[in-house]
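Asker: for reference, the sequence and a predicted model appear below.
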Amino acid sequence: MPTTLLLPPAARLSGALPEPLARRLGRADWLEPGKPGHRAQLLRQFDLLPRGWPVAALTRELDAGDAAGATWLRADPACVRADLTAVRQMACGSLGLDGDEADALLKPLKLLFGDAGFPISRTAPERWYLMLPPQSRLPAFVDPEEVLGDEIHDHLPDGPEGRRWRQLLSEAQVLLHNHPVNAGRLERGLPPVNSLWFWGGGTLPDHVRSSAAGVFTREVTLGALAARAGLEPGPVPAAPGPLPEASVLDLRALGDGVALSAWVEALAATKGGLALDFQDGRRAMLLPGQRWRFWRRAWSAPRA
């Protein structure tokens, strides 16, 4: 099995690629493109049964170990901004909250969601959860990265199942908008937590399988999938170097081709080859014998 590098969209790699990397990619085997996006990229590495994307249950289990026996929904803190035509989501989750701020913001929300039968809690300042009965039916919710910069109401569920959640969101926004924590954050030049984002609903999957022998990541969703598959996720090494065969290395935070080139050179001799999986769906396989394809042109990353 190859070692896999999870990478950002190819267009995000700023600057010209170093010549050794451009040559390697020009001689690589480019596979049929996969579906783009964060979710699709991770599901190429893990097989879930039953099918779905129950991120809330997976991360809750990783965080607290108490996800069994309930349906979970992420209700992460978010910042929205109203303009003349829309209410746009500017950030979700990573808002620089500390624990005291998160607890203060959650206090009025506990009454709102408790009365609705969905207790709200947090495991980290940026990860908030709603606990629902195990057989709860949920509408389809959209992952936060798909909403960033967009009108939020275009991404909220509609119809009878979605109406209740739209109403709960509206009531939560009123409570958060008037919260003194946000007044203090605005005075310090920090974004207010004036909304929530519901996503990742479901129960713990019965099985999560992966052909990977190890996973190295700082990202909680990938770490939760790895843990459920029986793999202990490790941190991304500080510097390029050898990894166990058939590992998955999360390099989605890379911003330039120089850093990627260093990792590729460090892992080029990995037995089984080196698979590159870009978040835009591009996929390539690097194998030692490809160095003889000297007639192929060097590869250039697409522009954003």
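Answerer: In hand now; what should we look at?
Asker: how many neighbours does Ala226 have?
Answerer: Applying other CB atoms under 10 Å, we find 27 residues neighbouring Ala226. Heads up, the C-betas are built off the backbone N, CA and C, glycines and all.
Asker: grab the nearest non-local neighbour of it.
Answerer: Leaving aside its sequence neighbours, Ala226 sits nearest to Val215 (CB to CB, 6 or more residues apart in numbering; 3.9 Å).
Asker: what's the mean pLDDT across the helix or strand containing that neighbour?
Answerer: Taking DSSP states H and E as the definition, Val215 sits inside strand 214-216. Taken as a whole, strand 214-216 has a mean pLDDT of 97.
Asker: residues in contact with the residue nearest to Ala226?
Answerer: Neighbouring residues of Val215 by CB atoms under 8 Å, 6 or more residues apart in numbering: Leu222, Gly223, Ala226, Leu231, Pro233, Gly234, Ser247, Val248, Asp250.
Asker: mind running it again at 10 Å?
Answerer: The neighbours of Val215, taking CB atoms under 10 Å, 6 or more residues apart in numbering as the test, are 4, 6, 45-46, 222-223, 225-227, 229, 231-234, 247-250.
Asker: can you select the buried ones from those in ChimeraX?
Answerer: Burial among the contacts of Val215 is assessed by 16 or more other CB atoms under 10 Å; the matching ChimeraX selection reads:
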select :4,6,45,46,222,223,225,226,227,229,231,233,234,247,248,249,250
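Asker: of the contacts of Val215, which belong to helices?
Answerer: Among those, the ones falling in helices (DSSP state H) are Leu222, Gly223, Leu225, Ala226, Ala227.
Asker: so the third one is in contact with Leu42, correct?
Answerer: Yes. If you go by CB atoms under 10 Å, Leu225 and Leu42 touch, sitting 6.3 Å apart.
Asker: any shared contact partners between these two?
Answerer: Counting by CB under 10 Å, 6+ apart, the residues touching both Leu225 and Leu42 are Leu48, Val55, Thr217, Glu219, Val248.
Asker: now, those that are in strands?
Answerer: Taking DSSP state E as the definition of strands, the shared contacts of Leu225 and Leu42 contribute Leu48, Val248.
Asker: please parse this structure into its domains.
Answerer: Using automatic domain parsing, the domain ranges for the chain come out as 3-51+210-292, 56-202.
Asker: now these as JSON lines including distance to Ser300?
Answerer: Below are the domains of the chain laid out as JSON lines (distance: least, CB to CB, whole Å):
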{"stretch": "domain 3-51+210-292", "distance to Ser300": "7"}
{"stretch": "domain 56-202", "distance to Ser300": "26"}
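Asker: out of those domains, flag the one nearest Arg303.
Answerer: The closest of the domains of the chain to Arg303 is domain 3-51+210-292. By CB to CB, the value is 6.0 Å.
Asker: all helices of the chain, in order?
Answerer: With DSSP H as the criterion, the chain has helices at 19-26, 38-43, 55-64, 99-115, 159-177, 180-187, 220-228, 257-267.
Asker: quick one: which of the ones you listed is nearest Leu204?
Answerer: Nearest of the helices of the chain to Leu204, taken as CB to CB: helix 55-64 at 4.6 Å.
Asker: buried stuff in that closest one?
Answerer: Quick answer for helix 55-64 (16+ other CB under 10 Å): Val55, Ala56, Ala57, Leu58, Thr59, Arg60, Glu61, Leu62, Asp63.
Asker: can you get me a residue count around Glu245?
Answerer: If you count neighbours by other CB under 10 Å, Glu245 ends up with 13.
Asker: now Asp143
Answerer: 19.
Asker: distance of it relative to Phe113?
Answerer: 21 Å (CB to CB, to the nearest Å).
Asker: so the nearest residue to Arg293 once chain neighbours are set aside versus Pro9, what's the distance?
Answerer: Once flanking residues are discounted, Arg293 sits nearest to Arg27: 4.0 Å by CB to CB, 6+ apart. Noted for Arg27: a distance of 22 Å to Pro9, by CB to CB.
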